[in-house]
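# kindly return the folded structure for what I paste below:
(one chain, ligands or ions: 1)
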Amino acid sequence: MMIADTKDLFNIAISAAGNSYSPYSEFRVGAALLTADGRIFTGCNIENASYSMTMCAERTAIFKAVSDGYTDFSAIAVAGSSTNDFSMPCVPCGACLQALTEFCADDFIIVLADGEHKFSDFLPNKFGRDALDEKGTI
Ligand code: THU
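Next up is the predicted model:
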């Protein structure tokens with residue numbers, strides 16, 4: 001991915017954080033998920049008075065994309081902040097990394113405030129579909 005594309009994707013994630021519904025944490029998160037054919041699905045975190053029902057921005061984006069028929073992804077940008085300063089990296093939580101595991105290869109790119117990261121750097125060992133084939137997960 002070109003650097004300009006990376007920055008664009010991150011800026012789209014910041015814009016998506018504008019729709020964050022986070023009255024409890026007041027931590028706004030936005031995600032921008034890039035499909036292999038160049039489409040972008042956005043997501044934001046959506047909190048709930050029953051706290052554990054909260055949905056992260058990344059999974060909102062993934063589920064929007066999959067429910068629209070897209071399952072082939074090349075990158076996701078994530079921006080999170082409790083202020084208007086999105087310059088600190090907001091690392092995807094474990095649940096979102098697991099959700100990404102279903103659809104994303106090791107070379108899938110995670111774009112944060114500090115630049116590009118490889119998915120496999122965040123989750124080197126995964127529980128994926130291969131585990132169900134009794135091939136082992138590591
Ligand atoms: N959050 C996300 O949306 N994505 C992450 O990867 C980390 C956490 C949200 C959940 C909750 O609404 C708020 O950030 C504080 O945890």
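# give the next helix or strand downstream of the helix or strand Ile110 falls within.
Here Ile110 is covered by strand 109-112, with elements defined by DSSP states H and E. Next helix or strand after strand 109-112 toward the C-terminus (DSSP H and E): strand 115-118.
# what average pLDDT does the helix or strand following that following strand get?
The element immediately downstream of strand 115-118 (helix or strand, assigned by DSSP H and E) is helix 119-122. Per-residue pLDDT over helix 119-122 has a mean of 96.
# restrict helix 119-122 to CA atoms and write it as PDB.
These are the backbone C-alpha positions of helix 119-122, laid out as PDB (Å, rounded to 0.1, in the frame of the first residue of the first chain):
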ATOM      1  CA  PHE A 119      -1.600  -8.500  11.500                       C
ATOM      2  CA  SER A 120       0.600 -11.400  12.400                       C
ATOM      3  CA  ASP A 121       2.700  -9.100  14.700                       C
ATOM      4  CA  PHE A 122      -0.400  -8.500  16.800                       C
END
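# which secondary structure elements does that helix sit against?
Helices and strands touching helix 119-122, by 3 or more C-beta pairs under 8 Å, 6 or more residues apart in numbering; DSSP states H and E, are helix 94-101, strand 109-112. No exception for glycine: its C-beta is placed from N, CA and C like everyone else's.
# contacting residues for Ser22?
By C-beta atoms under 8 Å, 6 or more residues apart in numbering, Ser22 lies in contact with 28-29, 45, 47.
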